[in-house]
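**Q** need coordinates for the following:
(one chain, ligands or ions: 1)
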Amino acid sequence: MYFGSDDLLRVRDLSIYMSTPTGEVQIVDGVNLQVASGAALGLIGESGSGKSLTAMAILRLLPAAARVEGEILFRGVDILKLRSEELKAIRGSQISMIFQEPMTALDPVFTVGYQLSATLRAHHDVSRRVARTRSIEMLQSVGIPDPTRRFDAYAHELSGGMRQRVMIAMALIAEPELLIADEPTTAVDITIQAQLLALLAQLSAERGTAIILISHDIAVVAELCSEVSVMYAGQIVESTTTDTILVSPAHPYTSGLVRAAPRMENSGTRLEGIPGRVPMPAEYPAGCRFQARCAHAMTHCGEPQPLVGHIAFQPQRHSVRCCRHGELDLPGVVVADPEAVRSP
Ligand SMILES: Nc1ncnc2c1ncn2[C@@H]1O[C@H](COP(=O)(O)OP(=O)(O)OP(=O)(O)O)[C@@H](O)[C@H]1O
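**A** Below is the predicted model of the structure:
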């Protein structure tokens, strides 16, 4: 895989094993990811594909039952090799994370303002007064009305959308270089979801914060990210620009995900779900892990499938794990104005 010199984060050959009552199981298999400073990468795949475990590995938040192999280079330093105090200095201040459910991340016994100020003061040497002012400004910039009053509110006094805004404020107040957002908008309705994605896009552009956005929904990722990596059953199966993923996916799984996404422009075609389900880690087949659900599977697909790093005739980076890539004319979504599609 190609790594650019300006990469903020490079995940190299990341594998995650989990000990279970029946023995150790490999859940994530040789994942490579790269995020440049200020860029936004989407990580998509159905539930159970290993997206959250990959994200947690980046911040070393995996449960004790997990064993990790590979490298997670942040500004060239391997996070997996850091001592705990060095790791603490990175978490929150240089890399922060937004979780799916804000009530699990916000402490119910402290006010929102206290938690914001404490987060800022944990990473920056500022007085209580300055922390309070900066927290109120942060609440304002995430669109919380009457931020001075809301500074003294508790999480349960806020709506779901407001809590998620507070989470964004908490994640950004220390001005991290990388934000990992794991399904940040699943718990809110679709109007709020659009507002939160627009807010994340605006704040990350203003502050130059890079983002890894995790979602099962390509439509969410397409709002924010110019590059996408697709995960299936613990492996990356396709990686390229968002526009290529949408218009000309090279892996049958990606094509299925794109075709199944609600709210994309499918030009009146019916939404098609992908039949079947993601196999459990203990039942991964030899060869392509998608073969049992793939309409294009052949005998070859039972053999090991490497991630091929470049697809002929495509100017941009495009890797795919499918022995039939290039042979298949897979449908994506119809984009009304292909000229308007972002360039890689
Ligand atoms: N602590 C654990 N012990 C054993 N297996 C686990 C553990 N945590 C997760 N898994 C398994 O790892 C696989 C990947 O889980 P992960 O949560 O990373 O997937 P995901 O793609 O983020 O899905 P979701 O969107 O549902 O969170 C799943 O099959 C899950 O059952």
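
**Q** around the ligand, pick out the residues from this protein.
**A** Applying CB under 6 Å from any ligand atom, we find that the chain lies next to the ligand at 18, 20, 27, 45, 47-53, 63, 65, 216, 280-281. Backbone N, C-alpha and C define where each C-beta goes, glycine included.

**Q** give me the low-pLDDT residue ranges for the stretch 101-250 of the chain?
**A** 101-104 (pLDDT under 70).

**Q** picking that back up, restricted to strands, list the residues of the chain next to the ligand.
**A** Here DSSP state E is the test, and the residues of the chain next to the ligand give 18, 20, 27 as lying in strands.

**Q** show me the strands in the protein, by range?
**A** Remark: strands assigned in the chain by DSSP E are 7-20, 23-36, 40-44, 66-74, 77-78, 95-98, 178-182, 210-215, 227-232, 235-241, 319-320.

**Q** turn the ones you listed into JSON lines, including mean neighbour count.
**A** Listed next are those as JSON lines, based on neighbours: other CB atoms under 10 Å:
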{"stretch": "strand 7-20", "mean neighbour count": "18"}
{"stretch": "strand 23-36", "mean neighbour count": "19"}
{"stretch": "strand 40-44", "mean neighbour count": "26"}
{"stretch": "strand 66-74", "mean neighbour count": "17"}
{"stretch": "strand 77-78", "mean neighbour count": "12"}
{"stretch": "strand 95-98", "mean neighbour count": "24"}
{"stretch": "strand 178-182", "mean neighbour count": "24"}
{"stretch": "strand 210-215", "mean neighbour count": "24"}
{"stretch": "strand 227-232", "mean neighbour count": "26"}
{"stretch": "strand 235-241", "mean neighbour count": "25"}
{"stretch": "strand 319-320", "mean neighbour count": "24"}
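
**Q** okay if I get those strands as TSV plus distance to residue 161?
**A** Shown next, in TSV, are those (distance: least, CB to CB, whole Å):
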stretch	distance to residue 161
strand 7-20	29
strand 23-36	27
strand 40-44	21
strand 66-74	31
strand 77-78	36
strand 95-98	14
strand 178-182	15
strand 210-215	17
strand 227-232	26
strand 235-241	30
strand 319-320	37
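
**Q** show me which helix runs longest in this protein.
**A** As assigned by DSSP state H, the longest helix anywhere in the chain is helix 190-207.

**Q** restrict that one to CA atoms and write it as PDB.
**A** What follows is helix 190-207, C-alpha atoms only, in PDB (Å, rounded to 0.1, in the frame of the first residue of the first chain):
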ATOM      1  CA  ILE A 190     -32.200  12.400   9.900                       C
ATOM      2  CA  THR A 191     -32.500  16.200  10.100                       C
ATOM      3  CA  ILE A 192     -30.300  16.500  13.100                       C
ATOM      4  CA  GLN A 193     -27.900  14.000  11.400                       C
ATOM      5  CA  ALA A 194     -27.500  16.300   8.400                       C
ATOM      6  CA  GLN A 195     -26.900  19.300  10.800                       C
ATOM      7  CA  LEU A 196     -24.300  17.400  12.800                       C
ATOM      8  CA  LEU A 197     -22.400  16.200   9.700                       C
ATOM      9  CA  ALA A 198     -22.400  19.800   8.300                       C
ATOM     10  CA  LEU A 199     -21.100  21.000  11.700                       C
ATOM     11  CA  LEU A 200     -18.300  18.400  11.800                       C
ATOM     12  CA  ALA A 201     -17.300  19.300   8.200                       C
ATOM     13  CA  GLN A 202     -17.200  23.000   9.100                       C
ATOM     14  CA  LEU A 203     -15.300  22.700  12.300                       C
ATOM     15  CA  SER A 204     -12.800  20.300  10.900                       C
ATOM     16  CA  ALA A 205     -12.200  22.600   7.900                       C
ATOM     17  CA  GLU A 206     -11.800  25.600  10.200                       C
ATOM     18  CA  ARG A 207      -9.400  23.800  12.600                       C
END
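
**Q** please point out which parts of it sit buried.
**A** Within helix 190-207, the residues that qualify as buried are 192, 193, 195, 196, 197, 199, 200, 201, 203, 204, counting by 16 or more other CB atoms under 10 Å.

**Q** which neighbouring elements make contact with that helix?
**A** helix 160-172, strand 178-182, strand 210-215, helix 218-224 (3 or more CB pairs under 8 Å, 6 or more residues apart in numbering; DSSP states H and E).

**Q** what residues sit buried inside the first one?
**A** When you say that, I think you mean helix 160-172. Buried positions in helix 160-172, judged by neighbour count with 16+ other CB under 10 Å: 161, 162, 163, 164, 165, 166, 167, 168, 169, 170, 171, 172.

**Q** residue in the stretch 101-250 of the chain nearest to the ligand?
**A** At 5.8 Å from the ligand, residue 216 is the closest residue in the stretch 101-250 of the chain, using CB to the nearest ligand atom.

**Q** what is the burial count for that residue?
**A** A count of nearby residues for residue 216, using other CB atoms under 10 Å, gives 18.

**Q** same deal with residue 291?
**A** Look at residue 291: counted by other CB under 10 Å, it has 19 neighbours.

**Q** that one contacts residue 303, correct?
**A** No. Using CB atoms under 8 Å, residue 291 makes no contact with residue 303, being 10.3 Å away.
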